[in-house]
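A.B. asks: mind looking at a prediction? Sequence and model below.
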Amino acid sequence: MKNPVDRLTAGLPRGWRVTIDWLVTIVGAILIVLAIKQWVINPYRIPSSSMEPTLHCARGGNDQGCLAHFSDRVLACRICYELWSPNRGDIVVFNTPPQAKICAGGVFVKRLIGLPGDTIREDSKSYIWVNGRPLDEPYIKPDRRASDQHRNQTWHVPAGEYFMMGDNRGGSCDSRVWGAVPRHDLIGKVIATYWPPQRIAFP
């Protein structure tokens, strides 16, 4: 059975048919890639030290907390939060709400700590409590916790919003500064670090 391209080009010289077939294949491949980026999975670069040491940024810029020569590249699953709700502990890519412009604009990558309706408390030693219970956070390194300045504070997460924090607690401009993130600003869940090769991981 002939495909539609073969039927449409049946009367053309062989050279033209081959050229058109290649063009259709290339254009189709490009459209598939763009569709995947738009609706399924998209790559992002880690621009700051707010998620160190879980996700690295590159040394040499204005951010003195970066640990690597190259920034980690991650893949965010854009469709995941269409299929299920965000979970505490997810590393999330999201558009910065207007209040976050005091730190930077564009896209942030942080860890989801508080769900809608939660009460988040940071105690005098910078440990996090959620709804009166301590949160187990093995990803936080002692030196990153020790430099934290947001101690003895409490936050309430509004309905339909999510409380984000960086793993580098002393060097993260996050929901403790500019508030929770509305659901519509969430882009997707980080499902893998794919670059550089020695950093490939699935959080």
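C.D. replies: Alright, I've got the coordinates. Numbering: from 1, shown residues only.

A.B. asks: report the beta-bridge partners for residue 192.
C.D. replies: Beta bridges link residue 192 to residue 75, judged by DSSP bridges.

A.B. asks: that one contacts residue 74, correct?
C.D. replies: Yes. Assessed by C-beta atoms under 8 Å, residue 192 is found in contact with residue 74 at 6.7 Å. C-beta here means a position set from N, CA and C on the backbone, and glycine is covered the same way.

A.B. asks: where does residue 85 land in three-state SS?
C.D. replies: coil (DSSP: H, G, I helix; E, B strand; the rest coil).

A.B. asks: the more surrounded of residue 192 and residue 74?
C.D. replies: Using other C-beta atoms under 10 Å as the criterion, residue 192 and residue 74 rank with residue 74 on top: 24 against 16.

A.B. asks: surely the more buried one and residue 187 touch.
C.D. replies: No. Residue 74 is beyond contact range of residue 187, at 11.5 Å (criterion: C-beta under 8 Å).

A.B. asks: overlap in contacts, the two.
C.D. replies: residue 93 (C-beta atoms under 8 Å, 6 or more residues apart in numbering).

A.B. asks: mind listing what's buried in stretch 69-79?
C.D. replies: 70-78 (16 or more other C-beta atoms under 10 Å).

A.B. asks: ok, stretch 196-203 next?
C.D. replies: residue 199.

A.B. asks: can you show me the helices along the protein?
C.D. replies: For the chain, the helices defined by DSSP state H cover 4-8, 14-39, 80-83, 142-146, 175-178.

A.B. asks: what bridges to residue 94?
C.D. replies: If you apply DSSP bridges, the partners that residue 94 bridges to are residue 108, residue 186.

A.B. asks: so who does it touch?
C.D. replies: Residue 94 neighbours (C-beta under 8 Å, 6+ apart): 107-108, 110, 164, 181, 185-187.

A.B. asks: take those residues and write them to a markdown table, including neighbour count.
C.D. replies: Shown next, in a markdown table, are the contacts of residue 94 (neighbours: other C-beta atoms under 10 Å):
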| residue | neighbour count |
| --- | --- |
| 107 | 16 |
| 108 | 27 |
| 110 | 25 |
| 164 | 28 |
| 181 | 27 |
| 185 | 17 |
| 186 | 22 |
| 187 | 18 |
